[in-house]
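Novice: I would like to see how this sequence folds:
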Amino acid sequence: MNRDIRVCFIGDSFVQGVGDPEYRGWVGRVLQATRGTVTAFNLGIRRNTSADVLRRCWQEVGPRTLPDADNRLVISFGSNDTITEDDRTRVDPARSLENLAALLDESEHRAVAALVVGPPPVIDAGEGHLRRTLRLADEMGALCRARRVPFIATTQALADDPGWTGEALAGDGAHPGRAGYQRLADLVLAGPWHEWIGQPDR
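Specialist: Coordinates of the predicted model:
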C-alpha cells in the first residue's frame, strides 16, 4: 500500500511560479520528477515575506493535513524580506530567522516534516540585495542544520546562472521563465529532496 504523502509548499511568488509560461514553476517540475504518488498544495503568494508566511501558514496548511497521512511542509521565503523600502529592509534579518524558527517549531510540534528551500535572488534589485539575501540564506541554513532540517541553498547558484538572470531581466526583473525555474528545480532535486520525500530518484 502506498503512503498518503501530502506536501504543502508555502512561500512567495517564486513558490507560486510567477513568470513561467508553462505555469509549473519549480514546484511543478520537482513534483513531475518525483516517483510515486504525492498530493501537493502550492501555497505561494506574491510579495509574501517570512512574517506573512508565518501569519497564514497553519490556517492554510492545517486543513490540508490528515491525522493518518505522511504530512510534509516545504518552506521558501526571504527574497522579499531583504528588499528595501523607505531605506530599510521589509523584515529585519533577526526577525526573519525568528519567523523561520517559529515555523519549524510548530512543524515539529504537529509532526509535519519540514524542508527549507533558500531564497532565490531578485536580479534587478542590485548587488546590495544579493549580499543581504546571501547572508540571510547562510543564517537560515545554519538554523536548519542546528535543527536537523534539510536546507537547499539556491541564491548564489541562481545569481550565477545565465538562464535565470537572462529570463528575469527579459521579464519583470525578478521572475524567470521555464529555463530559470528548471534550474531551481534541478537544485532542489540534486539536494536532499528524494531522500526527504522517501522516494527513489530513479
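Novice: for the chain, longest helix please?
Specialist: Secondary structure assigned by DSSP state H gives helix 126-146 as the longest helix of the chain.
Novice: Low-confidence regions, the protein specifically.
Specialist: 1-2, 199-202 (pLDDT under 70).
Novice: what comes up buried for the longest helix of the chain?
Specialist: For helix 126-146, a neighbour-count test (16 or more other Cβ atoms under 10 Å) marks 129-130, 132-134, 136-137, 139-141, 143-144 as buried. Quick note: C-beta positions are derived from backbone N, CA and C, even for glycine.
Novice: Also stretch 62-78?
Specialist: With the criterion 16+ other Cβ under 10 Å, stretch 62-78 contains buried residues 64-65, 70-78.
Novice: Residue 16 against residue 46, yeah?
Specialist: Yes - contact status for residue 16 versus residue 46: in contact at 6.3 Å, counting by Cβ atoms under 8 Å.
Novice: out of these two, which sits in the more crowded spot?
Specialist: Set side by side, residue 16 and residue 46 show more neighbours around residue 16, with 20 against 13, by other Cβ atoms under 10 Å.
Novice: Setting the sequence-adjacent residues aside, check what's closest to that one.
Specialist: Leaving aside its chain neighbours, residue 16 sits nearest to residue 44 (3.2 Å; criterion: Cβ to Cβ, 6 or more residues apart in numbering).
Novice: coming back round to it: what lies in contact with the longest helix of the chain?
Specialist: With contacts defined as Cβ atoms under 8 Å, 6 or more residues apart in numbering, helix 126-146 is touched by 78-79, 81-84, 89, 93, 96-97, 100-101, 104, 116, 118-119, 121-122, 150-151, 153-156, 159.
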